[in-house]
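> coordinates for the following, if possible.
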Amino acid sequence: MQAMKLALFAVALLLFVVSASNAEDYHFEAHAEVDSSTGRIGDLFTLNLRITADSSLSLIPPSAKDGFGEFAVINEFEPSVKDSNEIKIYNFKYNIAVYNTGEVTLPPIEISAADTSGNEITTETDSIEFEILSVLPQAAQGDTLILKEIKPIVEFPYPVWYYALIAGIIVLIAALVYLYLRYRKRMDISDKEIEKPAEPPWVVAMKMLEELKYKKLLEKGEFKQFYFDLSEIGKFYVDRRFDFPAIEQTTFEIREAYNRIKPAGLNDEFIDFLEYADLVKFAKYPSSISIGQKWFKYVEDLVLSTKPERGITQQTGELEEVKK
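The predicted structure follows:
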């Protein structure tokens, strides 16, 4: 009997050693913090998600489209990421609000990542308890609410036809004024200056690039501001030129739309440019004048190489047709 127990223990120990040798131990944690856990209906709370993960893991950003439990996401800010001793630290920030009173729970938020083999692993934050108060006065929330007495029915001193006549005269005067103003507008339209058409996006983008070059941000070492301005110019041009959603979009959202649409004339280098700019802007990634000049020339070449062969430009106050 003792020998059988020893044999079973040896088998269990062997299975444990084999399973431990095949498992990869990753550092992957998520924490949630809020600026306050008490407030009233509709108040904005700031939610910060801090995720630490091995550099080898590819983080799948949490989706805030449907909110978090009973909390609606009002604003979603640009995330940041930085490396520290082979660990990446991600920070996500949101403004959230809830529209129920009493004790409300922000549920655990699940975060996913993929390892180098494509296997998905998950972790989640702790839940957070909130105390949400009503916007009504305390006395109005219980049985002490005092209802005012109903006022008596108001009797009009004149017959109904009298008020109908007054209303008809007011409507007639309003119609006459409208017709007069419309007549005046038609008579004066010839005297008004015809509004000039908006400049095409390639003309606007080149002017913006010229203004950025004049600021000499690279020479001053202001790399973060330089990449912020340059990426906004690139997003503006791509949005207006290709009818591709880029303005007010994050790089992650632009990449997803690009993979779906693949607009003609735009390649993967545009996404590489935005991702590099994000590293400098949000992760304090080091850059240099030569690299900044390279990305400036990329945006400039993108504008010049993708403007149409026949376009409209505005020079010396007149519109003229341009041919390459």
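> show me where the chain has its strands.
28-34, 38-40, 45-54, 58-60, 72-76, 80-84, 87-97, 102-106, 110-114, 120-124, 128-133, 310-315, 318-323 (DSSP state E).
> tell me where this structure has helices.
2-22, 160-188, 201-215, 223-242, 251-261, 268-282, 289-306 (DSSP state H).
> please identify which of those is closest to Pro62.
helix 251-261 (11.4 Å; CB to CB). Backbone N, C-alpha and C define where each C-beta goes, glycine included.
> tilt between that closest one and helix 268-282?
Angle, helix 251-261 to helix 268-282, by axes from the mean of the first three to the mean of the last three CA atoms, to 10 degrees: 170 degrees.
> helix 251-261 versus helix 223-242: what angle between them?
30 degrees.
> export helix 251-261 to PDB, keeping only CA atoms.
Extracted in PDB, the C-alpha atoms of helix 251-261 (Å, rounded to 0.1, in the frame of the first residue of the first chain):
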ATOM      1  CA  THR A 251      -3.400  56.100 -35.200                       C
ATOM      2  CA  PHE A 252      -5.000  52.800 -34.100                       C
ATOM      3  CA  GLU A 253      -8.300  53.900 -35.700                       C
ATOM      4  CA  ILE A 254      -6.600  55.100 -38.900                       C
ATOM      5  CA  ARG A 255      -4.700  51.900 -39.200                       C
ATOM      6  CA  GLU A 256      -7.900  49.800 -38.900                       C
ATOM      7  CA  ALA A 257      -9.600  52.000 -41.500                       C
ATOM      8  CA  TYR A 258      -6.600  51.800 -43.800                       C
ATOM      9  CA  ASN A 259      -6.500  48.000 -43.600                       C
ATOM     10  CA  ARG A 260     -10.200  47.900 -44.600                       C
ATOM     11  CA  ILE A 261     -10.200  50.500 -47.400                       C
END
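> show me what counts as buried in that helix.
Neighbour counts using 16 or more other CB atoms under 10 Å place 251, 254-255, 258 of helix 251-261 among the buried residues.
> so which elements touch it?
helix 268-282 (3 or more CB pairs under 8 Å, 6 or more residues apart in numbering; DSSP states H and E).
> which helices and strands does the helix it packs on pack with?
By 3+ CB pairs under 8 Å, 6+ apart, helix 268-282 packs against helix 223-242, helix 251-261, helix 289-306.
> now distance to Lys213 and mean pLDDT too, for the ones you listed, in CSV please.
Below are the helices and strands packed on helix 268-282 laid out as CSV (distance: least, CB to CB, whole Å; pLDDT from 0 to 100):
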stretch, distance to Lys213, mean pLDDT
helix 223-242, 10, 92
helix 251-261, 24, 90
helix 289-306, 7, 92
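> buried deepest among those, which one?
Highest mean neighbour count of the helices and strands packed on helix 268-282: helix 223-242, a mean of 20 (counted as mean count of other CB atoms under 10 Å).
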